[in-house]
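Kindly generate the corresponding structure for this input.
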Amino acid sequence: MSILYGKLFEIMQQKGVRKTDLRSNGIHPAVIKKIMDGGTITTETIDRLCALLDCQPGDIIEFERSDDSKESIVNWQLYNWYSTST
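Prediction:
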């Protein structure tokens, strides 16, 4: 997974926000589980988290390029090069 939530857990701890607070602010338990498991969440969830924690998305999530996504970028660049050179 290339989206990391470690910063979210840090800011929650700093601000004294618990998982139960997330639930009481409209974040479904299944979504909380996704976050805990490193799964994907919607921008609506990110919006709710930022509103609750009074922060920006970059304060709670981090992007880390995986080897798979690096390979996809290289393949896309090769495809573009091939398409324009033929």
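
where along the protein do the strands fall?
Residue ranges of the strands in the chain, as given by DSSP state E, are 3-4, 62-63.

Those: which one's closest to residue 35?
Comparing those by their distance to residue 35 (CB to CB), the top pick is strand 3-4, with 9.9 Å. Every C-beta, even on glycine, is put in place using the N, C-alpha and C of the backbone.

Give me the sheet partners of the closest one and which way each runs.
Using DSSP bridges, strand 3-4 pairs in its sheet with strand 62-63 (antiparallel).

pLDDT (mean, whole number) over the partner strand?
Averaged across strand 62-63, pLDDT comes to 90.

What are the contacting residues of it?
Outside strand 62-63, the residues within contact range by CB atoms under 8 Å, 6 or more residues apart in numbering are 2, 3, 4, 5, 6, 7.

Could you pull up the residues touching residue 22?
Residue 22 is in contact with 32, 49, 52, counting by CB under 8 Å, 6+ apart.

Pull up the per-residue confidence for it.
At residue 22, the model reports a pLDDT of 95.
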